[in-house]
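[1] Predicted model and sequence below, questions to follow.
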Amino acid sequence: MKECQPGHRVPNTFGLPATADRYIEIHDVDELHDILNSQFSILNSQLLIVGAGSNMVFTRHFPGTVLHMANRGIRLVKEHGDDLLVEAAAGEVWDDFVRHCIAQGWHGAENLVAIPGTVGAAPVQNVGAYGIEAKDIIHEVHTVELATGHEHTFSNAECHFGYRDSIFKHEAAGQFIVTSVVFRLSRTFAPNLGYRAIAEALTAAGLPSPTPVQLADTIAALRWSKLPRPEETGSAGSFFKNPVVTTEQYETLRAQHPDIVAFPVADGYKLAAGWLIEHAGWKGRSLGRAGVYEKQALVLVNRGGCSGDEVVALSDAIIADVRAKYGVTLTPEAIII
Ligand code: EPU
């Protein structure tokens, strides 16, 4: 365990000046049990569990304890024919995990390459990109209940996964810390090329039948052509969720805006929030030191020295304007602290 001095910066990819009363880094599950057994005071304070802070906007000093799982390890736990179960520790960097699987010939995670964050945060947020979501490859999630110290495993179904959503953002929020995630992968490479932009990028690169590495490299390049690199520009990736509207609402919008971008889903249409924000005139604009990224309007960025309040002010202004122009209410995907 490593406890940092008060005032230690809480990691966050937005590059916001975040601090907490206490910041504790935990290196293995035994250490977590020791802390929960010996330092009851932690449980009396407000708790916040942070991975890489890639989906968080800090607007204030956090008056409590931040816990960060920094455990490591990736191992094949079961093999049956082509089917594999692979366990990765919560503290592993997500992209290192994806690349490690590719190198081992364990397939299924390729489309989720280059997503910032840690393995432990992936089920909380149900990260997704390029046609798949973490829920499609998660078998189960191992956790420790903070109040009791009991280990608890959530099956895929028990995680109540939704679009950028899970039980860990609702009933179980703040009560369980993810210690590792078990993924269902395969020895067989069956590439998922359904997302139009992937098919186009592979055709342009002359790679109709990519190897796993070629697929991952093509997707990573596509990602970085639209999203800012965390080491260069602070952001939380997509700031808003793509909103779902009824078929009726979509037809009305399409009649007024024939080029609106939307995808049919079970309960209506999912609108491209990036399109709405861009066409409301926000792409590339700034409010204070917070801005809307020039290449992807769904991404809010830190123009340098930005505060969390400035990000929220920009977000509120965009939400109000998109609501006024399109009658659609955007919801932040990022968690505002
Ligand atoms: N679009 C615009 N203007 C923009 C941005 C997008 O018109 O400024 C329209 C374009 O028509 C584009 C469409 O929106 O074709 C979709 O854009 P993109 O492929 O970039 O995907 P997205 O819906 O904006 C989602 C995820 C991303 C994920 C990509 C790729 C959400 C909230 N975001 O973005 O996830 O990487 O798809 O699968 O669902 C994240 O969650 O942090 C994230 C980056």
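    Looks like it arrived, so ask away.

[2] Dihedrals phi and psi, whichever residue of the stretch 51-200 of the chain sits closest to the ligand?
    Residue nearest to the ligand within the stretch 51-200 of the chain: Ala129 (3.6 Å; C-beta to the nearest ligand atom). C-beta coordinates here come from the backbone N, C-alpha and C atoms, glycine included. With angles defined as degrees, to the nearest 10, Ala129 sits at phi -170, psi 150.

[3] cool, and Val119?
    phi -60, psi -40.

[4] any idea how far the residue of the stretch 51-200 of the chain closest to the ligand lies from Ile260?
    22 Å (C-beta to C-beta, to the nearest Å).

[5] swap in Lys270?
    In terms of C-beta to C-beta, Lys270 sits 12 Å off from Ile260.

[6] Quick check: residues of the stretch 51-200 of the chain near the ligand?
    Ala129, Tyr130, Ala197 (C-beta under 6 Å from any ligand atom).

[7] And the pLDDT at the most centrally placed residue in the chain?
    The residue lying closest to the centre of the chain (C-alpha atoms, centre = their mean) is Val127, at 4.4 Å. Val127 is assigned 96 on the pLDDT scale.

[8] Could you do Asp165 as well?
    Value listed for Asp165 in the pLDDT field: 94.

[9] ok now do Gly105, which residues does it touch?
    For Gly105, the contacting residues are Arg187, by C-beta atoms under 8 Å, 6 or more residues apart in numbering.

[10] Ok, Thr19 next?
    Residues near Thr19 by C-beta under 8 Å, 6+ apart: Pro6, Gly7, His8, Arg9, Val10, His61, Phe62.

[11] Would you quantify the distance from it to Asn302?
    17 Å.

[12] What's the first helix or strand after the longest strand seen in the chain?
    Longest strand in the chain, counting residues (DSSP state E): strand 176-186. The element immediately downstream of strand 176-186 (helix or strand, assigned by DSSP states H and E) is helix 196-204.

[13] my guess is Ile132 contacts His107, does it?
    No - assessed by C-beta atoms under 8 Å, Ile132 is found out of contact with His107, at 11.8 Å.

[14] residue ranges for the strands of the stretch 1-150 of the chain, please.
    2-4, 20-26, 46-49, 56-57, 62-69, 74-80, 83-89, 128-129, 132-133, 138-145 (DSSP state E, counting those that start in this stretch).

[15] Mean neighbour count, those strands: which tops it?
    Most buried of the strands of the stretch 1-150 of the chain by mean neighbour count (mean count of other C-beta atoms under 10 Å) is strand 56-57; its value is a mean of 24.

[16] Partner strands of that one and their direction?
    strand 335-336 (parallel) (DSSP bridges).

[17] I'd like the distance from the partner strand to the chain centre, please.
    Computed by C-alpha atoms, centre = their mean, to the nearest Å, the chain-centroid distance of strand 335-336 equals 12 Å.

[18] ditto for stretch 145-154
    The answer for stretch 145-154 is 23 Å, by C-alpha atoms, centre = their mean.
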